[in-house]
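Colleague: 3D, please:
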Amino acid sequence: MVWLTLFFIAGIALALSYSFLLRGLLSAWYALPEWEIQEGWMPRTRVTVIVPARNEEKHIQACLHHILHQDYPKTLLEVIVVDDHSTDRTAAITEGFTASNLRLLPLAGHLNADSSIQSYKKKAIELGIAHAHGQLIVTTDADCQAGAGWLRQLVSCYEATGAKAISAPVLFRPVGNVLERFQALDFAGMMLVTGAGIQSRSLYLANGANLAYEKAAFEAAGGFSGNEQFASGDDIFLLQKIVGRYPGQVRFVKSREAVVFTPPQPTLRAFFRQRLRWGAKNESYDDWRITAVLGVVFLYCWFILAPLLILPFQPAYAAGLFLGFFLVKSVADYLLLSTAVYYFGQVRLLRRFLWSEAMHILYFALVGALSLVVKRYEWKGRIVQ
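Modeller: Model (predicted):
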C-alpha cells in the first residue's frame with residue numbers, strides 16, 4: 001500500500017533526525033569543559049538565594065539547612081523564603097531558624113489570592129527579587145537540597161565569565177521504585193541536553209531549582225512580563241529573554257558539586273500532572289528550535305507506537321516497523337543516557353533500561369498529545385492553566 005510506504009519513509013526520516021540530534025548533543029556535551037574553581041579564588045559577589053515555598057513543611061527545614069551551611073561567606077549570602085499562602089507549618093519552621101541572613105516574606109502580605117493569577121511562583125520570585133540585596137539571584141525550590149560547594153560553583157562561574165545567567169544541574173534523589181528510577185534517568189539525560197544545548201548555543205534550557213542570574217539582567221530583560229499566563233516557565237522563558245537581551249552571555253555549570261537534588265514524584269498521577277504542567281507551555285516558546293526538537297521527539301514516539309495499530313492486519317510488517325524504530329531510538333538514547341549517568345555517578349539507573357525506554361515513549365506520546373488540548377490542571381491545590 002502507498003500509505004505504508006510513505007509511513008516507512010517518514011519514519012526513517014524521523015529516526016535519522018533523532019539519531020543525528022542526539023549525536024550532536026553528545027558532541028556538544030563532550031566539548032563542554034568541566035567547571036573548575038581556580039586555586040586561591042575568593043568570592044566577592046553578594047548572593048541572594050530565593051526559595052518560593054507553598055505547603056513545604058516536610059522539606060523546608062532540610063532545604064534551608066543546606067543553604068545556610070554553604071561553604072560561602074555569610075556576609076555575602078542572603079536567603080529569602082517567600083511563603084506562598086501556605087496552610088501548613090512552612091512559615092513557622094522558617095521562622096524557627098535564627099540565622100541573621102535569612103528572611104521570610106509572606107506573599108499574602110503583598111498579593112491577595114486572585115483566581116486570575118496563573119503563576120503565584122513567579123509572583124513569589126518577583127517579590128523576593130524586589131527585596132533582594134544581592135547582585136546575583138539564585139533560585140531553588142523548597143524541596144531541594146544542595147552540597148556545601150553549590151554556591152561556590154555558581155558564583156565562581158559568574159565572576160570568571162561575566163555570565164548574565166547560569167543554568168546548573170538538577171537531579172532526582174532518593175530513587176527507589178521503577179517510577180522513581182525512570183524519572184531520575186530521564187532527568188539525568190535532560191541535564192546533559194541542557195548543558196549541551198547551551199554549549200552549542202542551539203537550545204537554551206534551564207530548571208528553576210538551580211538557576212542564577214544577575215538582578216540587573218532580570219530587570220533589563222523585563223522579568224516575567226509576557227509569560228504571566230503560564231503557571232510554570234519561571235526558568236526557560238526567563239532564560240530565553242536574557243539570551244535575547246545578552247547574546248552569548250549564558251553558561252551551564254558542568255560540575256557534580258553544582259548539582260541540586262530534588263525528590264521524584266511519588267505516584268504515577270503526580271508524575272503525569274507535573275509533566276502535563278511542563279508540557280502546557282511547549283507551544284509558547286519563542287525559540288523555534290526548542291519547539292522543533294520537541295516536535296521531532298513527539299512525532300518519533302508516535303511513529304514507534306503507530307505500527308501496533310495495524311498489527312492484527314499486517315503482523316510481520318507492523319512488528320518489523322515497531323522493532324526497527326524502537327531499536328534505533330533505544331540505541332541513541334542509551335548512548336546519551338549512559339554518558340549522563342556515568343558523569344553524575346548514577347550508573348545503577350541503567351538497570352532495566354528497556355523498561356524505562358518503553359515508559360519514555362508512552363509518556364512522551366501521551367503527555368505531548370494531552371498538552372495540546374488540556375490547558376487546565378491542578379497544581380499545589382490550585383486550578384491553573
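Colleague: just say helix, strand or coil for residue 212.
Modeller: strand (DSSP: H, G, I helix; E, B strand; the rest coil).
Colleague: domain parsing of this protein, as residue ranges.
Modeller: 2-28+287-380, 34-278 (automatic domain parsing).
Colleague: how about a markdown table for these, with mean pLDDT and mean neighbour count added?
Modeller: All C-beta atoms are positioned from the backbone trio N, CA, C, and that covers glycine. Listed next are the domains of the chain as a markdown table, based on pLDDT from 0 to 100; neighbours: other CB atoms under 10 Å:
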| stretch | mean pLDDT | mean neighbour count |
| --- | --- | --- |
| domain 2-28+287-380 | 91 | 16 |
| domain 34-278 | 93 | 19 |
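Colleague: quick one: contacts of stretch 61-79?
Modeller: If you take CB atoms under 8 Å, 6 or more residues apart in numbering as the criterion, stretch 61-79 is touched by 43-49, 51, 56, 81, 93-94, 97, 99, 101-103, 132-134, 140-152, 155.
Colleague: swap in 6 Å and give it another go.
Modeller: 46-49, 93, 97, 99, 101-102, 133-134, 142, 144-146, 148-149, 151-152 (CB atoms under 6 Å, 6 or more residues apart in numbering).
Colleague: take those and keep only those in strands.
Modeller: Per DSSP state E, strands hold the following members of the contacts of stretch 61-79: 47, 48, 49, 102, 145, 146.
Colleague: is it true that the fifth one touches residue 262?
Modeller: No: Residue 145 is not in contact with residue 262 according to CB atoms under 6 Å; the separation is 8.0 Å.
Colleague: phi, psi for residue 207 please.
Modeller: With angles defined as degrees, to the nearest 10, residue 207 sits at phi -130, psi 130.
Colleague: for it, which non-adjacent residue is spatially closest?
Modeller: residue 170 (4.4 Å; CB to CB, 6 or more residues apart in numbering).
Colleague: check contacts around the one you found.
Modeller: Taking CB under 6 Å, 6+ apart as the test, what residue 170 contacts is 207, 209, 210, 260, 262.
Colleague: mind putting these in CSV, distance to residue 276 included?
Modeller: Below are those laid out as CSV (distance: CB to CB, whole Å):
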residue, distance to residue 276
207, 17
209, 19
210, 22
260, 23
262, 18
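Colleague: which one of those residues is nearest to residue 352?
Modeller: residue 262 (22.3 Å; CB to CB).
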